[in-house]
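Participant: sequence plus the predicted model coming up.
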Amino acid sequence: KESEIADLSLQAAYAAKQVTDVWGFLSDLTGNFPSIANTLAKVELSEEDKLELVEPSKTYGNGRESITINGRNVNLYDINPFEIYSMIKEEFDLRDALELMDVPTSMIKQFMNMKIDSQQYRMDLRNDHVLWLNDVETDPQYSKYPGTLYELFKPSYPDQIRFIMKN
């Protein structure tokens, strides 16, 4: 008996993943659990399915709530619908930009799900492929700024950084 109910939560999650009306299934499950439990206990789970369902709890812990959009965390204690909308819009804009470059859909999925370690990811900005919107080094409006880094070492007011003519 105990072996049948050991994976009941995983079987319920797997069953919820398979139906089209998830909210209806979950409300049915919570309202009629004793009558549905026997059916859920008979659901066969492969090891791959179990791993897929257990992996988030290893990452976030049991009983923790979180919202992630393509791996980007949304602060639950300061939920801002405009911030969530902005994050989703950024993801769609990125996907649309990749589609415009004729990147295959399979590669777009790989790009969108890529995990980048900020300690190891670097961008080389010396390349001509970078388009500077404000090119401080060449735009005439910034010509009065000093062009050397030594300007940063000169005395200035507290909490102020001197302007220099470097991108």
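Facilitator: Done, it's in. Numbering: from 1, shown residues only.
Participant: where does the prediction get shaky in this structure?
Facilitator: Along the chain, the parts satisfying pLDDT under 70 run over 1-5, 59-64, 71, 112-113, 115-133.
Participant: which residues in it form strands?
Facilitator: Ranges of strands in the chain, per DSSP state E, are 67-69, 72-74.
Participant: so which of those is nearest Thr105?
Facilitator: Each of the strands of the chain has some distance to Thr105 by CB to CB; the shortest is strand 67-69, at 19.0 Å. Every C-beta, even on glycine, is put in place using the N, C-alpha and C of the backbone.
Participant: by contact count, what packs against the closest one?
Facilitator: When contacts are defined as 3 or more CB pairs under 8 Å, 6 or more residues apart in numbering; DSSP states H and E, strand 67-69 packs onto strand 72-74, helix 81-100.
Participant: need the contact partners of that strand.
Facilitator: Strand 67-69 has contacts (CB atoms under 8 Å, 6 or more residues apart in numbering) with Asn73, Val74, Leu76, Ile79, Ile84, Met87, Ile88, Glu91.
Participant: excluding chain neighbours, give the residue nearest to the fourth one in space.
Facilitator: On the basis of CB to CB, 6 or more residues apart in numbering, the spatially nearest residue to Ile79 that is not a chain neighbour turns out to be Ile67, at 7.9 Å.
Participant: quick one: the one you found from Pro56, how far?
Facilitator: Separation of Ile67 from Pro56 (CB to CB, to the nearest Å) stands at 12 Å.
Participant: now Ala12
Facilitator: Distance of Ala12 to Pro56, given as CB to CB: 15 Å.
Participant: compare neighbour counts for the two and give me the winner.
Facilitator: Ala12 (20 against 14; other CB atoms under 10 Å).
Participant: what's near enough to touch that one?
Facilitator: Applying CB under 8 Å, 6+ apart to Ala12 gives the contacts Leu29, Leu40.
Participant: distance of it relative to Glu90?
Facilitator: For Ala12 relative to Glu90 (CB to CB), the value is 34 Å.
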